[in-house]
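Trainee: sequence first, then the predicted structure, then my questions.
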Amino acid sequence: MSTILVTGAAGLLGRFVVRELMAHGHHVRGLDRRAGDAHIDWHVGDVTSPELVQRAMAGADGVLHLAAIPNIWSGDGQTIMRVNLLGTYTVLDAAEAAGVGRVVFCSSDSVAGYTVREGRMLAPHYAPLDLDHPLLATDPYAISKVAGEDLVRAYALRGLSAVALRTVFVAYPEMAGEIVARARDPDRYRGPMVGGPSSAGGGPLHHHIDPRDLARAFRLAFELQMEPGAFERFYLSAQVTLSPEPTLDRLRRLHGGAVEIRDRDVYSRQPFAPLYDLSHAAEGLGFVAEHDQRHLLAGLPAFS
């Protein structure tokens, strides 16, 4: 049985990750600004506190670093940079000092730059978008994830084994109403409109992932066989988007012919396949999403 520290363990994603780890026999510690409902060892405080993180890290076999300001609407640029970068540095420094073997970092597909218009979003160069695609982050949250990955890579060069999971918008149960509200009137949707914790996200293509799938990806990333000093990155998404239009139709409408389509077979097999190349996650992580939320949209005019 491994001992795993989960930062942000009381959050929307953290509760799913804790549950997944416990169900597979791992001993879990949680670090967050408040204690959650799970019956685990809790370390309460700020992830930027070296003393707190060091205490929580002692004796751990791995750390799943989820704690962060989760989007550009949850804090100003100064706050996002302080929490997301200083928090990540604090976690990595404590992990190295404690001899922790594995760090899994919650990154974001926003590193590719195609998520929020408010951040001066740039169109992708090609689809499916893979790990060779340039990182085009322009908003503070996305920039913090690019820099966070650089920090993780630096500590991998020092000997840690590390994984960065580039997840799309997480469709928590609490987000169902927002997802439906956006689908009913996408042109006028300005969420949160129906009590959700945030706006329905996923960028122009309405990407999403179920938190149960994402939690499983975090567990698989911890359990992945890796050599010391290795660093891996994976794009993660449900196998379909929540867009009313097939992916290639939507890209063409939004960007004309500017986005090169490098593998049309992907979109022939599944017209609503995501922008991101998921083959690396399937082959390297053993992860394929099992859930999606398109059933929420059944019967709506655009989804008939």
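Mentor: Yep, it's here.
Trainee: wouldn't residue 139 be in contact with residue 120 here?
Mentor: Yes - using Cβ atoms under 8 Å, residue 139 is in contact with residue 120, at 7.2 Å. For the C-beta atoms, the positions are set from N, CA and C on the backbone; glycine is no exception.
Trainee: more crowded one of the two?
Mentor: residue 139 (20 against 10; other Cβ atoms under 10 Å).
Trainee: this structure: strands as residue ranges?
Mentor: 3-7, 27-32, 41-44, 62-65, 102-108, 126-127, 161-167, 231-236, 260-261 (DSSP state E).
Trainee: from residue 187, how far out is the residue sitting nearest the centre point of the chain?
Mentor: Residue closest to the average C-alpha location in the chain (Cα atoms, centre = their mean): residue 167, at 2.8 Å. Using Cβ to Cβ, to the nearest Å, we find residue 167 at a distance of 27 Å from residue 187.
Trainee: who are the contact partners of the residue nearest to the centre of the chain?
Mentor: Going by Cβ atoms under 8 Å, 6 or more residues apart in numbering, residue 167 touches 106-109, 209, 214, 217, 236-237.
Trainee: let's go with 7 Å and repeat that
Mentor: Taking Cβ atoms under 7 Å, 6 or more residues apart in numbering, we find residue 167 in contact with 106, 108-109, 209, 214, 236.
Trainee: again, but for residue 15
Mentor: By Cβ under 7 Å, 6+ apart, the residues touching residue 15 are 36, 38.
Trainee: correct me, but residue 230 touches residue 159?
Mentor: No - counting by Cβ atoms under 7 Å, residue 230 does not reach residue 159; the two are 10.1 Å apart.
Trainee: these two - which one has more neighbours?
Mentor: residue 230 (14 against 11).
Trainee: can I get the contacts of residue 167 in JSON lines including neighbour count and distance to residue 145?
Mentor: Formatted as JSON lines, those follow (neighbours: other Cβ atoms under 10 Å; distance: Cβ to Cβ, whole Å):
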{"residue": "106", "neighbour count": "26", "distance to residue 145": "9"}
{"residue": "108", "neighbour count": "26", "distance to residue 145": "5"}
{"residue": "109", "neighbour count": "26", "distance to residue 145": "9"}
{"residue": "209", "neighbour count": "24", "distance to residue 145": "16"}
{"residue": "214", "neighbour count": "27", "distance to residue 145": "15"}
{"residue": "236", "neighbour count": "26", "distance to residue 145": "13"}
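Trainee: with respect to residue 251, which of those residues is nearest?
Mentor: Nearest to residue 251, judged by Cβ to Cβ, of the contacts of residue 167 is residue 109 at 15.3 Å.
Trainee: tell me the contacts of the closest one?
Mentor: Residues near residue 109 by Cβ under 7 Å, 6+ apart: 115, 166-168, 207, 235, 276.
Trainee: could you write me a ChimeraX select line covering just the buried ones among the residues you listed?
Mentor: Restricted to buried positions by 16 or more other Cβ atoms under 10 Å, the ChimeraX selection for these reads:
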select :115,166,167,168,207,235,276
